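J.: sequence and predicted model, in that order:
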There are 2 protein chains.
Amino acid sequence: MPKQIDHEIRRKQIAEATWRVILERGMEGASARNIAKEAGLSLGALRHYFSTQDELLAFAMKLVQEKVTDRIKDIAVRDLLPKEKVLQILLEMVPTNEETIREMEVWFAFTAYARHKKDMFDASHDGIFSGMRNLIAYLDESDLLKQNADKDIEAERLYALVDGLALHAMLDPVRVNKDRIKRVIIQHVESICVEDTRETQKRHP
Amino acid sequence: MPKQIDHEIRRKQIAEATWRVILERGMEGASARNIAKEAGLSLGALRHYFSTQDELLAFAMKLVQEKVTDRIKDIAVRDLLPKEKVLQILLEMVPTNEETIREMEVWFAFTAYARHKKDMFDASHDGIFSGMRNLIAYLDESDLLKQNADKDIEAERLYALVDGLALHAMLDPVRVNKDRIKRVIIQHVESICVEDTRETQKRHP
């Protein structure tokens, strides 16, 4: 295997070991020693891939974001009706299965930790707000958004709704389960959209 | 001063010192040693008021919640029109000034930390969801809620919106400032309510 590729694969394996340590022990347990042990490496070998603890944590976090972004890109290129596409993308942003709840746990632990580290990772500029603006603009271009909507405020409202649901899905997964999340998101999207003419025609033929 | 009252005052002072340490150093810096130093106490004196670190942290967190609850109770007894009362309560739940942003920071750091501690503090049962149900029921009893609303889903949606806004107010206070939070909350409450007849009469006399 080419050396550079092997290096990247190994860095990803270490990142995944880091997630497991954070999930089991929290950030306070995510020491270089514990991560090296989980990854089956010596402390010296770990230092070969990441020279500092914060570099490793920032990389592990970036990978979580990339996984979410990749899943959203997959939906964006699918052949779906505009409103359905928006619904699917929003549903992908709220954790509803074991894997995505774990990702949310890691994000949450990391963000709380990184609040007190300068220059490490800025959770406020993760590009999700601009993604929300794009979704609202897409609904508008598809003639689905209500005409009197303030697009900027609707993007902010949608962003708050999605992140609030994500937080509650993690903190209280029994109440805030997949079915409930879907109902809340559908209710929200329907409330900001005009009534679908085809749907109306179906109901009143 | 009676001994029992003095004891409670001292415990509150220690809780406030704990908040300051968490804000400055994060949970990983909230050691008994650092908290004792911030409170101007010896480690032995600190142990007199809180026998374990987790007992101290749980008490400090409970005080944050009580402060929020007290502010909401103050609004609830005020002589306000129903919709205005609901708006004011929701605005109180989203941090918009230095003091409330600090409280949110402490809540966030603590919740991330407590995820990995059993029996310490359960963030999922903090009573806010039932408060949201009460607000939706209050709007309904005041004949303000739209008739076709699913009250259960509307309570969940409102809760997600408020906590998402609170999270963003903390992570990105420049964009998510007081004015913007107010506009999002007003837009949301207006969207779930019927048009106010008095308002309509004012606009079209």
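T.: Noted; the coordinates are in hand. Residues are numbered from 1 along each chain as shown, chains lettered A, B, ... in the order given.
J.: what's the closest non-adjacent residue to residue A:154?
T.: Spatially, and ignoring its direct neighbours in sequence, residue A:154 is nearest to residue A:136 (5.1 Å; Cβ to Cβ, 6 or more residues apart in numbering or on different chains). C-beta: built from backbone N, CA, C; applies to glycine.
J.: give the contact list for that neighbour.
T.: Contact analysis of residue A:136 by Cβ atoms under 8 Å, 6 or more residues apart in numbering or on different chains lists A:145, A:149, A:151, A:154, A:155, A:158, A:192.
J.: 7 Å instead, please
T.: Under the criterion of Cβ atoms under 7 Å, 6 or more residues apart in numbering or on different chains, the contact list for residue A:136 reads A:145, A:151, A:154, A:155, A:158.
J.: how many neighbours does residue A:88 have?
T.: 16 (other Cβ atoms under 10 Å in any protein chain shown).
J.: how much space between it and residue A:127?
T.: Separation of residue A:88 from residue A:127 (Cβ to Cβ, to the nearest Å): 19 Å.
J.: near chain B, which residues of chain A?
T.: Taking Cβ under 7 Å from any Cβ of the partner chain as the contact definition, chain A meets chain B at A:25-28, A:105, A:108-109, A:112-113, A:115-116, A:123-124, A:150, A:153, A:156-157, A:159-165, A:167-168, A:171-172, A:180, A:183-184, A:187-188, A:191.
J.: can you list the domain ranges for chain A.
T.: Using automatic domain parsing, the domain parsing of chain A gives A:1-51, A:65-203.
J.: can you give me the helices in chain A?
T.: Assignment of helices within chain A using DSSP state H yields the ranges A:3-25, A:32-39, A:43-49, A:53-76, A:82-93, A:98-114, A:128-141, A:151-171, A:178-192, A:197-203.
J.: picking up where we left off before, of the residues of chain A next to chain B, select the buried ones using a PyMOL command.
T.: Buried residues within the residues of chain A next to chain B, by 16 or more other Cβ atoms under 10 Å in any protein chain shown, are selected in PyMOL with:
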select buried, chain A and resi 26+27+28+105+108+109+112+113+115+116+123+153+156+157+159+160+161+162+163+164+165+167+168+171+172+180+184+187+188
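J.: returning to what we had before: output the domains of chain A as TSV; include the columns distance to residue A:58 and mean pLDDT.
T.: Listed next are the domains of chain A as TSV, based on distance: least, Cβ to Cβ, whole Å; pLDDT from 0 to 100:
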stretch	distance to residue A:58	mean pLDDT
domain A:1-51	9	90
domain A:65-203	5	88
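J.: would you turn these into TSV with distance to residue B:13?
T.: Output for the domains of chain A, formatted as TSV (distance: least, Cβ to Cβ, whole Å):
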stretch	distance to residue B:13
domain A:1-51	25
domain A:65-203	23
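J.: looking at those, which is nearest to residue B:50?
T.: With respect to residue B:50, and counting by Cβ to Cβ, the nearest of the domains of chain A is domain A:1-51 at 18.8 Å.
J.: just how off-centre is that closest one within its chain?
T.: 22 Å (Cα atoms, centre = their mean, to the nearest Å).
J.: same check, this time on stretch A:44-64
T.: A distance of 20 Å separates the centroid of the chain from that of stretch A:44-64, by Cα atoms, centre = their mean.
J.: check stretch A:69-77 too.
T.: The chain centre lies 12 Å from the centre of stretch A:69-77; the measure is Cα atoms, centre = their mean.
J.: ok, and what's touching that stretch?
T.: With Cβ under 7 Å, 6+ apart as the criterion, stretch A:69-77 contacts A:85, A:88, A:89, A:92.
J.: tell me which residues in it are buried?
T.: Buried residues in stretch A:69-77 (16+ other Cβ under 10 Å): A:72, A:75.
J.: same question, stretch A:39-57
T.: A:39, A:41, A:46, A:49, A:50, A:56, A:57.
J.: could you dump the residues you listed to TSV with distance to residue B:21?
T.: Converted to TSV, the buried residues of stretch A:39-57 look like this (distance: Cβ to Cβ, whole Å):
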residue	distance to residue B:21
A:39	32
A:41	34
A:46	30
A:49	33
A:50	29
A:56	26
A:57	22
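J.: identify the residues contacting residue A:134.
T.: No contacts exist for residue A:134 under Cβ under 7 Å, 6+ apart.
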